[in-house]
Each structure stands twice: as structure tokens, then as C-alpha cells.
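# fold the following.
(one chain, ligands or ions: 1)
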Amino acid sequence: MAKAADVEVLHWWTSGGEAAALNVLKEDLKSKGIGWVDMPVAGGGGEAAMTALRARVTAGNPPTAVQMLGFDIQDWAQQGALGNLDAVATAEGWDKVVPAALQRFSKYDGHWIAAPVNVHSTNWIWISKDALDKAGGKAPQNWDDLVVVLDKMKANGITPLAHGGQPWQEATIFDGVVLSEGNDFYKKAFIDLDPEALGGKQMADAFDRLMKLRTYVDDNFSGRDWNLASAMVINGQAGMQIMGDWAKGEFLKAGKKPGVDFVCIRFPGTQGSVTFNSDQFAMFNVQGDDKQKAQAQMASSIESPKFQSAFNVVKGSVPARTDVPDTDFDDCGKKGIKDLAEANTNGTLFGSMAHGHAAPAAVKNAVYDVVTGAFNGKYKDGTEAAQALASAVAAAK
Ligand code: GAL
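Numbering: from 1, shown residues only. Presented below is the predicted three-dimensional model:
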């Protein structure tokens with residue numbers, strides 16, 4: 001029997017929790033005789049990975065499969081760089097089980113080009129149970145509650161907010177902050193890119209909130225990786241982290257239990273809404289039947305309901321198909337699955353700006369610049385930051 005080709009996989013899953021989840025995929029493929037050639041490019045949010053990818057494609061030697069987000073997938077498809085997964089997708093009925101919000105990115109021109117692995121979302125807060133108990137024990141329901149809890153944590157002598165100062169992390173916080181200004185506002189500003197929403201009063205208010213959050217961060221936040229910020233909450237140095245649900249992977253890897261050691265809540269004021277990002281494996285044009293076969297096998301493995309459960313339980317995300325039982329998920333995972341389904345039904349499911357599901361890369365990067373600038377004191381107030389955002393997005397569109 002001819003040896004099955006290996007798959008070479010470019011990804012940015014290098015933290016403890018991420019690597020544990022990736023291992024579920026590696027082992028699954030190994031059990032089917034598919035070898036794994038690893039191409040990790042560290043850096044949350046995947047910016048460094050996308051730079052490495054461009055170099056590989058330019059050299060005419062793309063990897064088999066690449067972890068990718070939202071608009072980036074569409075961008076590569078438009079350039080004709082991606083393969084075609086229609087055969088496996090049709091045989092397995094993906095059209096019926098993958099939510100439309102994901103298919104919008106997994107398909108180009110009617111053809112399947114990527115296999116969605118998960119659905120993450122960004123409007124979460126991860127709170128130390130102990131620190132919350134010492135701060136009154138009540139999870140914040142709205143912005144004012146949040147400020148009260150953060151102030152108490154400060155008075156209790158810990159860093160209230162664990163944060164890593166990197167543009168994508170500040171943008172991740174900002175997803176939740178903007179959403180807390182209202183569903184319609186998030187949509188107008190970040191999906192429709194409406195200049196008045198981007199530069200107006202509510203955006204100014206959102207920036208004021210972001211700047212307020214900055215006051216709860218420790219002095220050494222600049223450049224810190226997101227998983228090290230999670231570790232600060234895990235080891236009791238900090239009270240909470242505003243981060244997507246990949247943070248849960250770090251808590252689980254450290255042996256921590258939801259409800260016992262940590263609490264997961266939606267960013268106050270965003271209950272009932274979800275800003276999502278879905279990791280997908282975009283499949284590149286590779287030469288040779290054996291390679292294409294391995295690629296299709298990888299895609300098929302990823303979409304299997306059993307794998308979707310096993311992988312997402314470890315990763316912190318929820319399944320990319322609607323028919324996977326929540327039985328094996330912990331309480332945060334069960335909540336994530338329920339929130340996603342409800343938001344999808346109620347029209348309150350939105351693509352994450354920070355993670356490439358709201359707008360193409362040029363706009364996302366323009367938003368990153370202004371948001372990071374605001375977090376680092378570049379603007380005198382929210383009004384000035386909002387005006388800068390409207391101009392930056394207009395120039396990038
Ligand atoms: C996101 C990605 C997640 C997680 C995170 C931090 O963009 O969708 O899977 O890995 O970055 O690295």
C-alpha cells in the first residue's frame with residue numbers, strides 16, 4: 001500500500017491550552033495513517049502566521065493546510081490559491097450542519113475551500129473565583145458593576161485586570177466594549193463601517209471605557225503574551241482577563257475548574273449577543289493525488305462530530321456544526337453552545353472585528369492602530385479617538 005502523504009500544517013496554536021487541543025487533531029490523523037509536519041508560528045490572533053504564509057506562497061511552496069480566520073480565507077480564495085473540498089463536503093452533507101455564518105467564510109464562489117474547526121467568541125471575561133468572592137462575590141452584570149468589582153479588586157491589593165499589551169489583545173477587549181454599547185451600534189460601526197457610528201458619540205463613549213480599563217492593568221503589560229495574562233488570573237496575581245474563550249483552554253490545562261476556580265461571564269452588557277471567530281483550515285492548492293487525498297482526509301476528520309466534541313472541549317471553543325451534543329462540555333462550554341445558537345436565531349451574532357470576521361485585513365489593521373493608540377494614551381479623550389477611528393477606517397476601505 002502506498003504511504004499516505006503527510007499534511008504540513010501552518011498554525012499559531014503554541015500556548016499550553018492550544019497545543020493540547022492541536023494534539024487531539026494530530027493524534028486523530030495519526031490513527032488514520034496521516035503524518036503531521038508541524039509549522040507553528042507563535043503569536044495570538046495569527047498576524048505573524050499570515051506573514052509567514054505569504055512568504056511560503058510567494059516561494060511557490062504553500063503548506064497543505066493553514067489555520068485561518070474569516071476575511072483572510074476569502075482573500076486567498078480570490079487570489080486562486082486555495083483547493084476545492086466540494087467532493088468531501090457533499091459526501092458528508094456539510095451544507096446542512098455548518099452554520100451559515102461560518103459557510104460565508106468556508107465557501108468561495110459556491111465551493112468549499114476551508115474546513116471550520118470551531119467557533120470561538122471574544123465577548124467573555126474570565127474571573128478568578130477567589131478574587132471575585134473577596135470582591136463581594138457577585139459577577140458584574142453591566143458596566144457600572146464591572147467598575148465596582150475592579151475597584152474592589154484593586155483595594156484588595158491585586159492587579160484587577162490581567163492584560164497583554166499587543167494590538168490584537170487590545171482589539172479583543174474592544175470587541176466587547178463596543179458591543180456593550182448595543183447590538184445595532186456594533187453592527188453599524190464594525191460590520192457596516194458606517195462613518196457616523198465610527199466617529200460619533202457612542203464610539204467616543206466606548207473609547208472612554210477602554211481608557212478606563214487601562215487604569216486597572218499592571219505596569220508590565222506591554223508586549224505580554226495573552227496566555228501569560230491568563231496565568232496571572234490562574235495563579236491569583238490578577239482578578240480577571242477580558243479574552244476570547246481560548247483563555248479557558250489555559251485554565252483547563254492548569255487543572256482549574258469552571259465554577260470552582262474560575263467564573264466565565266459575557267462582557268457585562270453583552271449578554272445574549274456573540275462576537276464570533278471561527279478557526280478554519282484553509283486548504284491550499286497542492287500538487288499530487290496523494291497530497292490532495294491527505295488534505296481531503298484531514299478535512300473529513302475535522303468535520304466529524306466526534307472530533308468536533310473532543311477538540312473543542314479542550315480548546316475552549318464550541319463546535320462548528322449544529323448537531324454535536326453538548327454532553328462532554330463543561331458549564332462554560334455548554335453556555336457557549338447555547339449562546340451561539342440563541343444569538344444566531346435572534347440576529348445578535350456578529351463577526352469579531354479583532355479576529356478578522358467583521359472586515360477585511362486592511363480595515364482590521366486600521367482599527368488595531370487606533371485602538372492600541374487609545375489604550376496607550378495617544379488621544380486626549382474618547383472623542384478624539386473616535387474621530388481618528390473614522391478617518392483611519394475611511395482611508396483603509
Ligand atoms: C485566535 C484564534 C484562537 C486562539 C487565539 C489566540 O485568533 O482564533 O484559536 O488561538 O487567536 O492565539
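
# now do Trp94 against Ala19, distance only.
Trp94 is 27 Å from Ala19, where distance means Cβ to Cβ, to the nearest Å. Every residue, glycine included, has its C-beta placed from N, CA and C.

# residues from this structure in reach of the ligand?
12-13, 18, 44-46, 69, 120, 226, 246, 277, 279, 355 (Cβ under 6 Å from any ligand atom).

# can you pull the contacts of the closest residue to Val274 other than its chain neighbours?
With Cβ to Cβ, 6 or more residues apart in numbering as the criterion, Val274 has its nearest non-adjacent residue at 4.1 Å, and that residue is Ala343. Contact analysis of Ala343 by Cβ atoms under 8 Å, 6 or more residues apart in numbering lists Gly272, Ser273, Val274, Leu349.

# same check, this time on Ala229
Contacts of Ala229 by Cβ under 8 Å, 6+ apart are Ala162, His163, Gly164, Gln169, Phe221, Ala238, Gln241, Met243.

# what helix or strand is it on?
helix 226-234 (DSSP states H and E).

# which parts of that helix are buried?
Residues of helix 226-234 classed as buried by neighbour count (16 or more other Cβ atoms under 10 Å): Trp226, Asn227, Ala229, Ser230, Ala231, Met232, Val233, Ile234.

# closest one of these to Asn285?
Set against Asn285, the nearest of these by Cβ to Cβ is Trp226 (32.5 Å).

# what residues of stretch 97-115 count as buried?
97-99, 101-103, 105-108, 112-115.

# name the next helix or strand downstream of the helix or strand that contains Val88, please.
Assigned by DSSP H and E, Val88 belongs to helix 86-92. Counting by DSSP H and E, the element after helix 86-92 in chain order, helix or strand, is helix 94-97.

# quick one: that following helix to chain centroid distance?
Mean C-alpha position of helix 94-97 versus that of the full chain (Cα atoms, centre = their mean, to the nearest Å) differs by 22 Å.

# pLDDT on it, on average?
Averaged across helix 94-97, the pLDDT comes to 98.

# now swap in stretch 190-204 and tell me
On average, stretch 190-204 scores 98.

# contact partners for Gly46?
Taking Cβ under 8 Å, 6+ apart as the test, what Gly46 contacts is Trp12, Gln67, Met68, Leu69, Gly356.

# quickly find the element holding the second one.
Using DSSP H and E, Gln67 sits within strand 65-69.

# off-centre distance for that strand?
Using Cα atoms, centre = their mean, the offset of strand 65-69 from its chain centre is 13 Å.

# so which elements touch that strand?
strand 7-11, helix 47-58, strand 279-283 (3 or more Cβ pairs under 8 Å, 6 or more residues apart in numbering; DSSP states H and E).

# the same query, at a cut-off of 7 Å, please.
Judged by 3 or more Cβ pairs under 7 Å, 6 or more residues apart in numbering; DSSP states H and E, the packing partners of strand 65-69 are strand 7-11, strand 279-283.

# one step back: now the residues of the chain next to the ligand in TSV, with pLDDT?
Converted to TSV, the residues of the chain next to the ligand look like this (pLDDT from 0 to 100):
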residue	pLDDT
Trp12	98
Trp13	98
Glu18	98
Gly44	93
Gly45	93
Gly46	96
Leu69	98
His120	98
Trp226	98
Trp246	98
Asn277	98
Asp279	98
His355	98
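
# for ChimeraX, write a command that selects the buried ones of those residues.
Buried subset of the residues of the chain next to the ligand, written as a ChimeraX selection, criterion 16+ other Cβ under 10 Å:
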select :12,13,18,44,45,46,69,120,226,246,277,279,355
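
# what's the pLDDT at the residue nearest to Val274?
Reported pLDDT for Ala343: 98.

# let's see the one helix or strand it maps to as CSV, backbone CA atoms only.
If you go by DSSP H and E, Ala343 is part of helix 331-346. C-alpha atoms of helix 331-346 as CSV (Å, rounded to 0.1, in the frame of the first residue of the first chain):
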residue,chain,number,x,y,z
ASP,A,331,-20.6,24.6,32.1
CYS,A,332,-18.8,27.4,30.2
GLY,A,333,-18.8,25.3,27.0
LYS,A,334,-22.5,24.5,27.4
LYS,A,335,-23.2,28.2,27.8
GLY,A,336,-21.1,28.9,24.8
ILE,A,337,-23.1,26.4,22.6
LYS,A,338,-26.4,27.8,23.9
ASP,A,339,-25.4,31.5,23.5
LEU,A,340,-24.2,30.8,19.9
ALA,A,341,-27.5,29.1,18.9
GLU,A,342,-29.6,31.8,20.5
ALA,A,343,-27.6,34.7,19.0
ASN,A,344,-27.9,33.0,15.6
THR,A,345,-31.7,32.8,15.9
ASN,A,346,-32.1,36.3,17.4
